[in-house]
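Chemist: one predicted model, sequence on top.
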Amino acid sequence: LAAVLPASYCALAVLIAIWWSIGFAVRRRIVSSSVPAGEPVHLVLHSIAGSSAKRVRLLTSERVKSPVMWGVFRPTIVVPRAHATHPQCAQLRWGLAHEWCHVLRGDFLTHGLATITKFACFFQPAFWWLKRELALSQDCLADAFASRHGDAAEYAAFLVSLARDRHTPSPTIGLGISDGR
């Protein structure tokens, strides 16, 4: 038993590292197939974030179904190409506002620190609960921010429609930032 526990711990840590590496590979694949967002999309982000939006790399991709963000020093927001072709649509504005809130709050760094902590604490049930609560709180704050950039009731209906569509696999699952319904 004394030899099995360390070996099990190392095996699980290796599995976590592999999952994390898959996330990096998926992000690289999304970026390689993305194109820079057009000026209308930049204008929507600028109307939400002001001049701070200049530090964000804004891309469009057919590989994502909803906007995603990553990065600490040079944040990247990727929006679905379908949303980018209609810069007046509310979904684009809500998605950019949601992701911009994550940028403002430094949520990707916090998520990264929680992921690193996973290597030491994955065997603790309380860790998984706290990590889940952290992600849920980050999304609730981002949703509250996004709901102020349009009709809140329409935004809530939009979130429900996104949750219903979650049964289809999404490439963002490999990013390690996707969640269930």
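Modeler: Right, received. Where do you want to start?

Chemist: list the contacts of E62.
Modeler: S33, P80, R81, A82 (CB atoms under 8 Å, 6 or more residues apart in numbering). (C-beta placed from N, C-alpha, C; glycine too.)

Chemist: now, those residues that are in strands?
Modeler: If you go by DSSP state E, the contacts of E62 have P80 in strands.

Chemist: got the contact list for the nearest residue to E154 once chain neighbours are set aside?
Modeler: Leaving aside its chain neighbours, E154 sits nearest to A90 (6.4 Å; criterion: CB to CB, 6 or more residues apart in numbering). Contacts for A90 (CB under 8 Å, 6+ apart) come out as G150, D151, E154, Y155, F158.

Chemist: which among the contacts of E62 gets closest to G50?
Modeler: P80 (23.9 Å; CB to CB).

Chemist: separation between the closest one and S161?
Modeler: For P80, the distance to S161 (CB to CB, to the nearest Å) stands at 14 Å.

Chemist: comparing those two, which residue is more hemmed in?
Modeler: Remark: of P80 and S161, P80 carries more neighbours, 19 against 10, as counted by other CB atoms under 10 Å.

Chemist: shouldn't that one be in contact with T60?
Modeler: Yes. Assessed by CB atoms under 8 Å, P80 is found in contact with T60 at 7.2 Å.

Chemist: shaky segments in the chain?
Modeler: 166-181 (pLDDT under 70).

Chemist: mind naming the longest helix for it?
Modeler: The residue-count maximum for a helix in the chain (DSSP state H) belongs to helix 4-32.

Chemist: so what does the helix or strand that that one is followed by touch, helix or strand wise?
Modeler: Per DSSP states H and E, the first helix or strand lying C-terminal to helix 4-32 is strand 35-36. Strand 35-36 is packed against strand 57-61, with contacts defined by 3 or more CB pairs under 8 Å, 6 or more residues apart in numbering; DSSP states H and E.
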